[in-house]
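Participant: One predicted model, sequence on top.
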Amino acid sequence: MLDFLETEMDLILWRHADAVDGLPDMGRELTAKGHKQAAQMAAWLNARLPKAAVILVSPATRALQTAEALGRPFDTAKKIAPGADAMSVVLAAGWPDAGGCVVVVGHQPSLGQAAALLLCGAESDLSIKKGGLWWLTNRVRQATQQTIVRAVMTPELA
């Protein structure tokens with residue numbers, strides 16, 4: 001008999017794809033390269049995501065455009081806008097109690113810091129490449145909560 005809880009949670013931290021430089025920051029759009037990166041990663045994700053995945057997206061234009069490549073409904077979450085701290089990202093996703101699969105489309109350094117927090121218990125400047133993602137899973141085994149890395153992917157490898 002397996003000794004684990006039935007509920008696991010997958011959290012995918014997806015950094016927006018390549019965007020133009022400039023101001024205002026919230027209105028920066030994806031470059032042609034960024035649209036290609038978003039499409040590559042969206043194809044990779046769509047082959048793996050459950051239909052019921054929850055998708056939370058920063059209100060910044062570049063994040064919205066990245067998420068649109070998935071072709072799935074999503075919710076905009078101001079709590080994960082540029083400048084959000086790691087704990088805001090984790091709480092917005094409902095980690096670890098939400099269960100199921102949550103995709104957060106956001107920004108650096110917030111996403112990298114959230115990944116470090118979940119993996120190591122402390123914020124650190126872990127870098128996620130533009131358009132790339134970290135897929136983490138929370139589970140309980142023998143009464144011990146574990147965070148495991150399911151995948152780390154970049155658009156070039158998708």
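Facilitator: Nice, thanks for sending it over.
Participant: Which parts of the chain are helices?
Facilitator: Along the chain, counting by DSSP state H, helices occupy 32-46, 61-68, 86-93, 110-120.
Participant: Distance to Ile148 added to these, as a markdown table?
Facilitator: Where you see a C-beta, it was placed from the backbone N, CA and C, and this is true even at glycine. Listed next are the helices of the chain as a markdown table, based on distance: least, C-beta to C-beta, whole Å:
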| stretch | distance to Ile148 |
| --- | --- |
| helix 32-46 | 18 |
| helix 61-68 | 25 |
| helix 86-93 | 16 |
| helix 110-120 | 9 |
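Participant: Reformat these as JSON lines; add distance to Leu136 and mean neighbour count.
Facilitator: Shown next, in JSON lines, are the helices of the chain (distance: least, C-beta to C-beta, whole Å; neighbours: other C-beta atoms under 10 Å):
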{"stretch": "helix 32-46", "distance to Leu136": "14", "mean neighbour count": "19"}
{"stretch": "helix 61-68", "distance to Leu136": "19", "mean neighbour count": "23"}
{"stretch": "helix 86-93", "distance to Leu136": "10", "mean neighbour count": "20"}
{"stretch": "helix 110-120", "distance to Leu136": "6", "mean neighbour count": "22"}
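Participant: so which of the ones you listed comes closest to Asp21?
Facilitator: Among these, helix 61-68 comes nearest to Asp21, with 11.0 Å by C-beta to C-beta.
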